[in-house]
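*Asks:* Quick one, what's the 3D model for this:
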Amino acid sequence: MSTSLDTRLTKTLGWLSRHNVDILRVSLGLIFFGFGVLKFFPGASPAEALVARTVDALTFGVVEGRNAVLMTAALECFIGLTLITGRLLRTGLLVLAVSLGGIMAPLVLFFSDLFPGGTPTIEGQYVLKDIVLAAAALVIACSAFNRSQYDGQPTRSDLIKAA
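*Replies:* All right, here's what the predicted structure looks like:
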């Protein structure tokens, strides 16, 4: 490998190393914000019926139908905006952590509907992709909640103490 290419690769990897969690945070924020905005428009979200059913089941019918979808839309937009901007990030991540219970609930509540005969429906696939979003949220939360413990990059001894 040429020295010039090696230098560029090293610089690129260094930049990615410094910004990877921020890139993941903004990407996840865009997904949440985009899916949330869709839910404000009746019929625009492919998950609208599943959201209404899930929230209805989780709230024992207290929040149902369109109100359930609008509440979910507002929460998803809030989560998305906190992730995109980095403002109120910890609050947004805490809301996301609580929301993940509702996001994953259809896997338990409606498993046979989502996977009839063991094959996922479109709604089943929609819920399955949320597992990746939850994993991304864990990475971001780990960074957000640990970052304040250190003034800069944690040292090796900081990491050993934390473990």
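*Asks:* At the geometric centre of this structure, which residue do we find?
*Replies:* residue 133 (4.2 Å; Cα atoms, centre = their mean).
*Asks:* give me the element that one is part of.
*Replies:* Using DSSP states H and E, residue 133 sits in helix 122-147.
*Asks:* What is that helix packed up against?
*Replies:* helix 3-39, helix 48-58, helix 89-109, helix 111-114 (3 or more Cβ pairs under 8 Å, 6 or more residues apart in numbering; DSSP states H and E). Backbone N, C-alpha and C define where each C-beta goes, glycine included.
*Asks:* what pLDDT, on average, does that helix get?
*Replies:* Here helix 122-147 scores 91 as its mean pLDDT.
*Asks:* what's the distance between residue 114 and residue 43?
*Replies:* Distance, residue 114 to residue 43, using Cβ to Cβ, to the nearest Å: 21 Å.
*Asks:* brain fart, residue 29
*Replies:* Taking Cβ to Cβ, one finds residue 29 at 25 Å from residue 43.
*Asks:* more crowded one of those two?
*Replies:* Neighbours per residue (other Cβ atoms under 10 Å) separate residue 29 from residue 43, with residue 29 holding more: 21 against 7.
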